[in-house]
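> Requesting a structural model of the entry that follows:
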Amino acid sequence: MPHWVLPILASPFIGSFLGLVVKRLPAGENMVSARSRCDHCGAPLAVQDLVPLASWARTRGRCRQCGARLGWFYPAIEGAAILVALAAAGVDWDDPTALWLDCVLGWALLALAWIDVEHLLLPDLITLPLVLLGLAATLWQEPENVTDHAIAAAAGYLLFRAIALVYQRIRGKEGLGEGDAKLLAAAGAWLGLLALSWMILVAAVIALLGVGIAILVGKSLDRATALPFGAALAAALFVLRLCNLGDG
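Okay, here's the model as predicted:
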């Protein structure tokens, strides 16, 4: 079996777990031992209800116990996890190590982006391990660049914290959260120092596109509206990683 098949087959199951992370982590709930239940009637889900995509399709998106609609959240995040694996496989089809690293990065960023869009939150439980994993990946793949990537991680964090402090001093309110700074640190760890400017530029473009789409669909925005810039950073990091835009 080609090495790129396994992460694609695993991706919907990873996506299902990411759904639990997105639902439970911001609420401080147990992500592992607590049994999955219907959000409407509280009935525990059986094994046949937990097969990614297939269970939802078989029940036509309804709970088997109460018949309530389950919504599109789980099939959407499971499908998104598959797209992450397909994108990584398209780039890393000849390198198993790079493929798994890029899949893990993409899946973690998917969870971060989803949480940020819904809660304006980037949990340390995901961002901080991404910094360490980025440095470990660099040490494994490009040991000669690990110092540059460590400096980039520190520089990314300090840059965004400085901008946030200046903004808060001038406007009297928070503009960039500390989670954004930690995510930019993760970008530095994965991509290197010279890629940080690309990160900020691409993330800004993605954020502007998001604002434009929100306006087109009729969402009301003003100067006081908080925007999930972390989601744009997450998308930019994954795109730049797949484009191999790092280390100059």
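> List the buried residues in whichever strand or helix holds residue 201.
Assigning secondary structure by DSSP states H and E places residue 201 in helix 196-216. Buried residues in helix 196-216, counted by 16 or more other Cβ atoms under 10 Å: 196, 198-200, 202-203, 206-207, 210. (C-beta placed from N, C-alpha, C; glycine too.)
> Which strands and helices lie in contact with it?
Contact partners of helix 196-216 among helices and strands, from 3 or more Cβ pairs under 8 Å, 6 or more residues apart in numbering; DSSP states H and E: helix 146-171, helix 178-191, helix 229-242.
> Deepest-packed of the ones you listed, please.
Comparing the helices and strands packed on helix 196-216 by mean neighbour count (mean count of other Cβ atoms under 10 Å), helix 178-191 comes out on top with a mean of 26.
> quick revisit: out of the helices and strands packed on helix 196-216, which is closest to residue 26?
Checking these against residue 26 by Cβ to Cβ gives helix 178-191 as the closest, at 11.7 Å.
> taking the mean pLDDT, what do you get for that closest one?
Here helix 178-191 scores 96 as its mean pLDDT.
> Provide the angle between the direction of that helix and the direction of helix 229-242.
Counting by axes from the mean of the first three to the mean of the last three Cα atoms, to 10 degrees, helix 178-191 lies at 0 degrees to helix 229-242.
> Check which helices and strands helix 178-191 sits against.
Checking 3+ Cβ pairs under 8 Å, 6+ apart, helix 178-191 ends up next to helix 96-119, helix 124-141, helix 146-171, helix 196-216, helix 229-242.
> Which neighbouring elements make contact with the last one?
Packed against helix 229-242, as judged by 3+ Cβ pairs under 8 Å, 6+ apart, are the following elements: helix 73-92, helix 96-119, helix 178-191, helix 196-216.
> any idea how far residue 64 lies from residue 184?
44 Å (Cβ to Cβ, to the nearest Å).
> export stretch 129-144 as CSV, just CAs?
In CSV, the C-alpha atoms belonging to stretch 129-144 read as follows (Å, rounded to 0.1, in the frame of the first residue of the first chain):
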residue,chain,number,x,y,z
PRO,A,129,3.0,21.9,21.4
LEU,A,130,3.0,23.2,17.8
VAL,A,131,6.1,25.4,18.7
LEU,A,132,7.9,22.4,20.1
LEU,A,133,6.9,20.1,17.2
GLY,A,134,8.0,22.7,14.6
LEU,A,135,11.5,22.8,16.2
ALA,A,136,11.6,19.0,16.5
ALA,A,137,10.6,18.7,12.8
THR,A,138,13.3,21.2,11.8
LEU,A,139,15.9,19.3,13.9
TRP,A,140,14.8,16.1,12.1
GLN,A,141,14.6,17.4,8.6
GLU,A,142,17.0,20.4,8.5
PRO,A,143,19.2,20.3,11.6
GLU,A,144,21.4,23.1,10.2
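> Give me the buried positions along that stretch.
Going by 16+ other Cβ under 10 Å, stretch 129-144 has these buried residues: 130-131, 133-135, 137-138.
> Could I get the average pLDDT for it?
Averaged across stretch 129-144, the pLDDT comes to 96.
> The nearest residue to residue 177 once chain neighbours are set aside: what secondary structure?
Nearest residue to residue 177, sequence neighbours excluded (Cβ to Cβ, 6 or more residues apart in numbering): residue 122, at 6.9 Å. For residue 122, the secondary structure call by DSSP: H, G, I helix; E, B strand; the rest coil comes out as coil.
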